[in-house]
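**Q** coords please:
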Amino acid sequence: MTINLLPGERLDELQRNGYCIIQNPEKFCFGMDAVLLSGFSKVKPDEVVLDLGTGTGIIPILLEAKTKGKHFTGLEIQEESANMARRSVAYNGLEEKIDIVSGDIKGASSLFGASSFDVITTNPPYMTGQHGLVNPDEAKAIARHELKCSLEDVIRESAKLLKPKGRFYMVHRPFRLAEIMTCMVRYKIEPKRMRFVYPYVDKEPNMVLIEGLRDGNARVTIEKPLIVYKEPNVYTDEIYDVYGY
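**A** Model prediction:
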């Protein structure tokens, strides 16, 4: 299929089912966190999935390639990113499996209706307004800082959108873990599974992958560490497997 790329855009291969994704490196490109979240998330046959803050649609596209899910929806507030996501969906011939919806996470439950999804995934902005410098580029700033939605907005809306016993998957930063756990429990999404991601075996973790269960019982499993690099610029075998190389 031919595709018209806009100025600054490029078409990147995803190493899955021959799929590609449109990105603009001057705006925002998906990172390892999104790929790891797609590998951590579990989607069963015939389940319907919502990705909150989908950006250019990387997580729905990867989950469609990796799982037997019935249908995937991505919600994105930035129209430029949503437009790239829709064109990527069309380029890969996935219009029947993936919808990209323009909208605000803060109103997601009103947009889709309560108890609409079996699974919710999200790679939300990691930083509050007090954390670090805000990028002067608006698209990058919105992706990295809580300018358009907060952690609580994401968890509150997810609790409304999930079906009873629906599953919630998120990647975030360990330094906010206490806040994350407290907020999840407050909205009755019980943390069930957690995995820390370490850049090297002797470094501190810089990401955490979390699974929650709506109305679940209080029991959480901490999985073995996920190490990204075995030496500089050389991924561990598990990372190569997640990427599909």
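
**Q** State the mean pLDDT of the longest helix seen in the chain.
**A** Longest helix in the chain, counting residues (DSSP state H): helix 79-91. The average pLDDT for helix 79-91 rounds to 95.

**Q** now for the helix or strand following it, which elements pack on it?
**A** Note on helix 79-91: by DSSP states H and E, the next helix or strand toward the C-terminus is strand 98-102. In terms of contacts (3 or more C-beta pairs under 8 Å, 6 or more residues apart in numbering; DSSP states H and E), strand 98-102 is packed against helix 58-66, strand 71-76, helix 79-91. Glycine gets a C-beta too; all of them are placed from N, C-alpha and C.

**Q** Relative to Leu226, which of those is closest?
**A** helix 58-66 (16.5 Å; C-beta to C-beta).

**Q** Could you export the closest one as PDB, CA atoms only?
**A** Only the C-alpha atoms of helix 58-66 are listed here, as PDB (Å, rounded to 0.1, in the frame of the first residue of the first chain):
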ATOM      1  CA  ILE A  58       1.900   1.900  18.800                       C
ATOM      2  CA  ILE A  59       0.300  -0.100  21.700                       C
ATOM      3  CA  PRO A  60      -2.900  -1.100  19.800                       C
ATOM      4  CA  ILE A  61      -1.000  -2.000  16.700                       C
ATOM      5  CA  LEU A  62       1.500  -4.200  18.700                       C
ATOM      6  CA  LEU A  63      -1.200  -5.800  20.800                       C
ATOM      7  CA  GLU A  64      -3.200  -6.700  17.600                       C
ATOM      8  CA  ALA A  65       0.000  -8.400  16.300                       C
ATOM      9  CA  LYS A  66       0.800 -10.200  19.500                       C
END
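
**Q** same question for stretch 28-40, mean pLDDT?
**A** 93.

**Q** Okay, buried residues for it please.
**A** Phe28, Cys29, Phe30, Met32, Asp33, Ala34, Val35, Leu36, Leu37, Ser38, Gly39, Phe40 (16 or more other C-beta atoms under 10 Å).
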